[in-house]
Every structure is written in structure tokens, then in C-alpha cells.
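1. just a sequence and a predicted model for now, questions to come.
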Amino acid sequence: MTEKLRIAMLSVHSCPIGQPGSRDTGGMNVYIRELATALCRRGHIVDIYTRAHDPQDAQSEYLSPGAHLVHIRAGAVEEMGKLTQYNHLREFHDNLEAVRIADRAAYDLIHSHYWLSGEVGLKLSQEWAVPQIFGFHTIGAAKNELGLGENEPAIRLLTEREIAETCHHITAGTEGEKAAICKHHGCARDKITVVPCGVDLELFRPMDREEARRGLELDDLPTVLFVGRLDKLKGIDRLVEAVALIADHDCRLIVIGGDEYSKPTLERLKVLAAGLGIAGRVKFIGAVPQRALPRYYSAADVVAVPSYAETFGMVALEAVACGTPVVSADVGAARQIIKDGFSGAVVGGNAPYMLAEALENCLKQTVADRIQLHDSVVGYGWNAVAERMERVYLNVLSRVPAGSAIDG
């Protein structure tokens, strides 16, 4: 029988119950919530610590049996930028420790996500004498290399290098991410284990397309779907340009994602669509709850992932699980998830003409059996992912035994 572990999971800047598609919530918060829940199904106990950002949130709640979410006060209880949150990490640490002592909790390991959490995790790892496993989710130096906007701050780059050097082990979503970590931070390859992202195979499964469209009050037109943050990294502008190149002028684009912080980007995209003469064919929905996504995936003819970079590519995985083909740039795990000619196409970049050609090809094809698409990604179910992560934990613990027990 597997040893029962108690895990402290840190997600300072992104709340696991936050709305995906907004400024600082997306695949990572879904990943943390689902991984924690799946680990608890395997008998472990997971306490997730995140910064209190909404006065309406309970201080603590259970996401599932054994998966405990705790909001830690650090700065004002409101939304704030990630760099501003860096200034409150000491308060986050101190208040987390006060909660832990009050709960008389002792942990076998820390699993931290993103550099802000990794910074807190380094201190707690030393104080608790337990190992820290770290996930980058995005690498600051790699983002700077793309040159898509303002450079990431120097404090992030320095902190990420310190975390990479000091933490006990690193997880990466793909072999590509592993290579990027080695390149930018000089890590030994055996310090990094690839554990893919997962998908809820019960939630994300095919629905009848006509029924899905009726439920969304959509007419029967060729439909391309985009799901994600309205961030330049996601390449949404390239997709809008691609849709304008598609020969079928009835083809529409539905865009899911964005929040009040995305309004300038949204307006820019609307101006772009109008300038290309397709304003009436692009529909911006805004962020929707994760449980509503399967209906949108099932209503679409094809899902587009035009990103410049992805750590993994959760949207592609969810779409294929719903039986909908995906056209994706060659990012993240696209080549592992998408089988060319069967569940979509992977293109060499996100140039609009390349995306347009691949989208047109997908729109012309009929998916023979959507259940077969769903079944092609069953290996990415969260239970399988949690089992792989559990092996990482146990391997690290076998090499780095925990120190003395924590006294409350």
C-alpha cells in the first residue's frame, strides 16, 4: 500500500477556485485543483494555500474529501498584480505559518507552483525540514526570449534561478519545457521529471453537436472556437487574421476568455476584426465557468490554439476529449495530444495563412467517431496524472528523507 502523504501545495497568485480565462487564472489553477483532488482520491491529504483576494471567499473550504483550500491574508484582500504580490510574500509566509501552527499540521513535502510560490516554498522547506517540488508553469527567461511585450522583471529571473538551484525536484509538463528549464537554468536533467497535465474525462466528453448549439442559441454555421486568456502570448490576433483568410465567409469565430483587465485587448481585437471586415463573424463571450466549456467545445467544428508558447496546452486536451478536432501551433504537448488527420492538425507556427489553411481543411472534414477522439486521450485522466506525480513525491522522499517532525 502506498504511503499516505500530507502535502502542502502553494499557489500564491492563482486561486484554484478562480474563474479560468481571467488575468491570472487559467490552466494552472485548474491543474492545481484537479491534481489535489485526484491525489486525495489516492488516499493523500492536500492543503492548498493561496492568497486571499476576494472578501466573499471563505477563509477555508474543502474542494473534495481531503483537499483543503486555505486563503492566506497577504496585503489587501483584493486582486493585485503579480509583482505587487511579491512585496507581500513575507506576510504570506508568516500568516501561513500561523494557520499551520493553529491547525497543528505537519507536512511530508511542499509542492509549489509558479515563482512566487517557489520563493515562499524555499523558506518553508528549510524551516520544516521537508523537500520542495516545484513547477514553473511559465519560465520568465523563456518569455523574454519570445519578445512579445515588456520583459519579465529581473527579480523574477533571479528568483527562478534560485528556486531551480535550491529546490529538491522540478516537474515539467513536456519534454520541451524540461529542455527549456535546462537551457535557462542549467539544471541537471535528472532533477526534472515530466508529468503531463490532465483532463476530467467525465466532464469533458462528447455531446451531440446540434443539442449543444441549441443550448447556446447558436445557428448552424461553421464554427472556430478559441478558449484562453486574452494575452498576447496566446496569439489571438493571429487567429482573427486567419479567420479573415478562410474562403467560407459564413465561418465564425467564438472567443471565450477575458475579464475587466482585458478590456483594452478586447477593444483592440474588435478594431482588428472590423478592419478585416469580419466584425460580424467574431463573437466575444468572455470567461465562462469550466463546467460550461464542454458545451462550447462540442458546439464547435474546430478549436484553435494559435499560441506563441504553451507550457502544456490544456485547451487542446479538453477539446479532443470532447471529440472536437484542434488546429494548434507546435507548442506544449500539441504533437502528443493531436493526431494529424484524425484529431486535427499541428502547424509549424501561428502565421495566419498557415492557421487558415489548416482550419479550412478541418472544416471540410467530418469527424467519423467523436468517441474515438475522446478515447485517444484517456491516458491523460487526472487519476493517471496523480499516480505519476505520486511516484515523483515518493522518489524524492526516498532520496531526501524529511527532518524532524514539526512542532506546533
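-> Structure's in. What do you need?
2. could you pull out the strands for the stretch 51-200 of the chain?
-> Remark: strands assigned in the stretch 51-200 of the chain by DSSP state E, counting those that start in this stretch are 60-64, 67-72, 109-113, 132-135, 169-172, 192-194.
3. would you mind giving these as CSV with mean neighbour count and distance to residue 226 added?
-> Glycine gets a C-beta too; all of them are placed from N, C-alpha and C. As requested, those are arranged in CSV below (neighbours: other C-beta atoms under 10 Å; distance: least, C-beta to C-beta, whole Å):
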stretch, mean neighbour count, distance to residue 226
strand 60-64, 14, 28
strand 67-72, 23, 29
strand 109-113, 26, 25
strand 132-135, 26, 25
strand 169-172, 22, 25
strand 192-194, 18, 27
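4. would a markdown table of those with mean pLDDT and distance to residue 340 be doable?
-> As requested, the strands of the stretch 51-200 of the chain are exported to a markdown table (pLDDT from 0 to 100; distance: least, C-beta to C-beta, whole Å):
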| stretch | mean pLDDT | distance to residue 340 |
| --- | --- | --- |
| strand 60-64 | 94 | 37 |
| strand 67-72 | 97 | 37 |
| strand 109-113 | 98 | 32 |
| strand 132-135 | 98 | 29 |
| strand 169-172 | 98 | 24 |
| strand 192-194 | 98 | 22 |
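5. so which of the ones you listed gets nearest residue 345?
-> Across the strands of the stretch 51-200 of the chain, residue 345 has its closest neighbour in strand 192-194 (23.9 Å, C-beta to C-beta).
6. and the closest one, which strands flank it?
-> Next to strand 192-194 in the sheet, as set by DSSP bridges, lie strand 169-172 (parallel).
7. residues making contact with the partner strand?
-> The set of residues external to strand 169-172 that reach it, using C-beta atoms under 8 Å, 6 or more residues apart in numbering, is 131, 133-136, 164, 178, 181, 187, 191-195, 389, 392, 395-396.
8. before we move on, back to that, want to try CSV for the strands of the stretch 51-200 of the chain, with distance to residue 348 as columns?
-> Conversion of these to CSV gives the following (distance: least, C-beta to C-beta, whole Å):
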stretch, distance to residue 348
strand 60-64, 39
strand 67-72, 40
strand 109-113, 30
strand 132-135, 28
strand 169-172, 23
strand 192-194, 23
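9. same for the lengthiest helix in the chain, what does it pack against?
-> In the chain, assigned by DSSP state H, the helix with the most residues is helix 382-399. Applying 3 or more C-beta pairs under 8 Å, 6 or more residues apart in numbering; DSSP states H and E, we find helix 382-399 packed against helix 27-41, strand 109-113, strand 132-135, strand 169-172.
10. hmm, try it at 6 Å
-> Secondary-structure packing of helix 382-399 (3 or more C-beta pairs under 6 Å, 6 or more residues apart in numbering; DSSP states H and E): helix 27-41.
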